[in-house]
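Enquirer: Pasting a predicted model and its sequence here:
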Amino acid sequence: MKSPGDAKSPILHPVALVGAGPGDPGLVTVRGLECLRRADVILYDNLAAPALLAYARPDADKRYVGKKRTAHALTQDQINALLIEQARAGRCVVRLKGGDPYLFGRGGEEAEALAAAGIPFEVVPGVSSAMGAAAYAGIPLTHREHTSAVTFVTGHEVDKIDWSRVGASETIVVFMGLVSFGEIARRLVSAGRSPDTPAAAIRWATRRDQRTLTGTLGDLAEKIAQAGLKPPTLIIVGEVVRLREMLNWFEKLPLFGKTVVVTRAREQAGALATRLAELGAKVVELPTIQIEPPAEWQPLDLALARLESFDWLIFTSANGVRFFTQRLDASPRDLRALRARICAIGPATAAALAALHLKVDLMPAEYVAESVVAAFEKIPLEGARILLPRAAVARDLIPKELEKRGARVTVVEAYRTVPARDAHWPDGLRPDWVVFTSSSTVENFHSLYGPARLQAARVASIGPVTSATARRLGIEVAIEAAEHTIDGLVAAILTSNFAD
């Protein structure tokens, strides 16, 4: 019997050379994601967005093999050998490369090495950094009224390029030419290109920290030096650069240039982070809490065992819905035992219930405990049995006030919020905004980092309870959401940003 490592054994998984795109992880292809999700081992580059690794299996072997100008984790020959070794070991291998594998990505060399070794492979194209930079800087590479020809060229080895031929192209895109652009510009001018030709340098194209410098062939090199622009930077030369003034959509997004720290638990941060990123913000997820099961399940299990006895079921968070239903699924019972009417504290909680095909009978006008109590004012509660599955530590306002009206309220711990164990403030992080979505995020932020981290930032709070906690700890709240939801929080930040 042949072993998986036998060179003559069939290779079950072709090596995938996957283009990661230009920087924004949202620009990876569907096929690229499919490859990442099934991979046993991922060899990734310096310019591949780290966020893409989150799509890999938790047990996938992720190895950095990137090459910067002066620092190579592995040589190209070593990378080629590693691809072959891992494929012959029977592993599903993905080579994750910035941009497109076949456009100045050395994907051709890796494909040649695999072919020579008899290793099957596939190439998954990616959005090239040229395409990404052009689109996100507002510079179309072709335009019927300006250009019908584009030349892609590397500035890595200036002496090997015939710049007289390159200069004849209407639009020129220079990869890896930041350091040598002064010499490149001189050669293009010597070859007959006007020094007044518009030119632009785009650093970290498509990312929320994208930076663009515009000038001309004659002065862009000096502007680059004065600005201290660093790689990775791509340069576009041609009349199409003039269109940037009109077509620069990305850098005109309302939160572009703003850094926002989201302190919500990692599993909940996605919706808020996505909304802020869509508006141009650079979002740093810095969870100060994490959501865990309760200290013991018995109280919730006992409540589930008599689920049909409750008249009302009150959910104050989507987390409560999630842990309640997960524990119900683990029990001998299911939703058919539910006879209670349902109260949900807000749209996110209601959406979690709707996903279970459960309709909400009562939703308060505002999404705070006081409003829940007010919503029950016209509902007879004498003798009513109410189940309230919630976080381990929460305000007692709802059960106390409803019990005053004759209800019998069973409060059970469905989950806990605990301080994040892997919290780390990134070096050099100086956010414009820090966003708090609950009292626990404020308290844990204060204990982990102290108020000093907020000196240069403004604080956004989701509602009055969170704001009160912040002020009690000496934290100034700049804005509070009028509607105590994620959308309300984003709207408050936008309103404040426009007012600046």
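Expert: Everything's here; your move. Numbering: from 1, shown residues only.
Enquirer: tell me what the strand or helix carrying T212 is packed against?
Expert: Using DSSP states H and E, the secondary-structure element containing T212 is strand 211-216. In terms of contacts (3 or more C-beta pairs under 8 Å, 6 or more residues apart in numbering; DSSP states H and E), strand 211-216 is packed against strand 198-203, helix 220-227. From N, CA and C alone the C-beta is placed, and that goes for glycine too.
Enquirer: Tell me who's in contact with the residue nearest to A221 when sequence neighbours are not counted.
Expert: In space, and not counting its chain neighbours, A221 is closest to G182: 3.8 Å by C-beta to C-beta, 6 or more residues apart in numbering. G182 sits next to A221, E222, A225 when contact means C-beta atoms under 8 Å, 6 or more residues apart in numbering.
Enquirer: Could you identify which of those residues has the most neighbours?
Expert: In terms of neighbours by other C-beta atoms under 10 Å, these top out with A221 at 21 neighbours.
Enquirer: dump the residue contacts of A133.
Expert: Under the criterion of C-beta under 8 Å, 6+ apart, the contact list for A133 reads P22, I139, I202, A205, T206, L234, I236.
Enquirer: Doesn't the fifth one belong to a strand?
Expert: No - under DSSP: H, G, I helix; E, B strand; the rest coil, T206 sits outside any strand and is assigned coil.
Enquirer: What is the burial count for it?
Expert: Residues near T206, counting by other C-beta under 10 Å, number 23.
Enquirer: ok, back up a step: check for me that the residue nearest to A221 belongs to a strand.
Expert: No - with three-state DSSP as the criterion, G182 is helix rather than part of a strand.
Enquirer: Distance check, it against V174.
Expert: Here the criterion is C-beta to C-beta, to the nearest Å. By it, G182 lies 12 Å from V174.
Enquirer: ok, now D422?
Expert: Taking C-beta to C-beta as the criterion, D422 is separated from V174 by 40 Å.
Enquirer: likewise A318?
Expert: A318 sits 49 Å away from V174, taking C-beta to C-beta as the criterion.
Enquirer: Same check on I79?
Expert: When C-beta to C-beta is applied, the distance between I79 and V174 equals 25 Å.
Enquirer: Pick out whichever of these two has more residues nearby.
Expert: When neighbours are counted by other C-beta under 10 Å, I79 and V174 differ, and V174 comes out ahead with 27 against 23.
Enquirer: residue ranges of the strands in the stretch 101-250 of the chain, please?
Expert: 121-124, 150-154, 171-175, 198-203, 211-216, 233-237 (DSSP state E, counting those that start in this stretch).
Enquirer: closest one to V459 among these?
Expert: Closest to V459 of the strands of the stretch 101-250 of the chain, according to C-beta to C-beta: strand 211-216, at 26.9 Å.
Enquirer: Ramachandran angles for the residue lying closest to P254 once chain neighbours are set aside?
Expert: Using C-beta to C-beta, 6+ apart and skipping residues adjacent in sequence, the residue nearest P254 is L279, 5.4 Å away. The phi and psi values for L279, taken as degrees, to the nearest 10, are phi -90, psi 10.
Enquirer: For L279, give its distance to A205.
Expert: As judged by C-beta to C-beta, L279 and A205 stand 19 Å apart.
Enquirer: quick one, which of those two is more surrounded?
Expert: Counting neighbours by other C-beta under 10 Å for L279 and for A205 shows that A205 has the greater number, 26 against 19.
Enquirer: how about that one, what does it touch?
Expert: Taking C-beta under 8 Å, 6+ apart as the definition of contact, the neighbours of A205 are P22, G23, S129, G132, A133, Y136, A137, L234.
Enquirer: Please spell out which residues along stretch 250-264 are buried.
Expert: Residues of stretch 250-264 classed as buried under the neighbour-count rule (16 or more other C-beta atoms under 10 Å) are F250, L255, F256, K258, T259, V260, V261, V262, T263, R264.
Enquirer: Among the residues you listed, name the ones in strands.
Expert: Judged by DSSP state E, the subset of the buried residues of stretch 250-264 located in strands is T259, V260, V261, V262.
Enquirer: would you list every one of the strands in the stretch 301-450 of the chain?
Expert: Applying DSSP E, counting those that start in this stretch to the stretch 301-450 of the chain gives strands spanning 312-315, 341-344, 385-391, 408-419, 433-436.
Enquirer: now the third one, how far from the chain's geometric center?
Expert: A distance of 34 Å separates the C-alpha centroid of strand 385-391 from that of its chain, computed with C-alpha atoms, centre = their mean, to the nearest Å.
Enquirer: And for the longest one?
Expert: Offset of strand 408-419 from its chain centre (C-alpha atoms, centre = their mean): 30 Å.
Enquirer: and it with strand 385-391, angle?
Expert: Taking axes from the mean of the first three to the mean of the last three C-alpha atoms, to 10 degrees, one finds that strand 408-419 is oriented at 0 degrees with respect to strand 385-391.
Enquirer: Which parts of strand 408-419 count as buried, going by neighbours?
Expert: For strand 408-419, a neighbour-count test (16+ other C-beta under 10 Å) marks R408, V409, T410, V411, V412, E413, A414, Y415, R416, T417 as buried.
Enquirer: Enumerate every residue touching the third one.
Expert: Taking C-beta under 8 Å, 6+ apart as the criterion, T410 is in contact with A303, F310, R385, I386, L387, L388.
Enquirer: Closest one to L272 out of the residues you listed, please.
Expert: L388 (25.6 Å).
Enquirer: give the contact list for the closest one.
Expert: Contacts were defined as C-beta under 8 Å, 6+ apart; by that measure L388 touches I314, T316, I398, P399, V409, T410, V411, V412.
Enquirer: and with 7 Å instead?
Expert: Contacts for L388 (C-beta atoms under 7 Å, 6 or more residues apart in numbering) come out as I314, I398, P399, V409, T410, V411.
Enquirer: any low-confidence regions in the stretch 1-150 of the chain?
Expert: Counting by pLDDT under 70, the stretch 1-150 of the chain contains low-confidence residues at 1-10, 68-71.
Enquirer: Going along the chain, name the helices of it.
Expert: Per DSSP state H, counting those that start in this stretch, the stretch 1-150 of the chain carries helices over the ranges 30-38, 76-88, 107-116, 129-137.
Enquirer: and the third one, what other elements does it pack with?
Expert: The helices and strands touching helix 107-116, judged by 3 or more C-beta pairs under 7 Å, 6 or more residues apart in numbering; DSSP states H and E, are strand 15-19, helix 76-88, strand 121-124.
Enquirer: quick one: contacts of it?
Expert: 15, 17, 76, 79-80, 83-84, 95, 97, 101-102, 121, 123.
Enquirer: Likewise for the longest one?
Expert: In this structure, residues lying in contact with helix 76-88 by C-beta under 7 Å, 6+ apart are 5, 7, 11, 15, 41, 43, 65, 93, 95, 106, 109-110, 113-114, 117, 119.
Enquirer: Show me this structure divided up by domain.
Expert: Domain assignment for the chain, taken from automatic domain parsing, gives 15-127, 131-247, 259-288+420-499, 293-418.
Enquirer: Most neighbours among the contacts of helix 76-88, which one?
Expert: So for the contacts of helix 76-88 (other C-beta under 10 Å), the most neighbours sit at R95, 32 neighbours.
Enquirer: can you tell me how far that residue sits from L43?
Expert: When distance is defined by C-beta to C-beta, R95 is 5 Å away from L43.
Enquirer: Same check on L52?
Expert: Between L52 and L43 the distance, using C-beta to C-beta, works out to 13 Å.
Enquirer: quick one on the thing from earlier: put together JSON lines for the contacts of G182, with distance to V28 and pLDDT on each row.
Expert: Rendered in JSON lines, the data for those read as follows (distance: C-beta to C-beta, whole Å; pLDDT from 0 to 100):
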{"residue": "A221", "distance to V28": "33", "pLDDT": "97"}
{"residue": "E222", "distance to V28": "36", "pLDDT": "97"}
{"residue": "A225", "distance to V28": "34", "pLDDT": "96"}
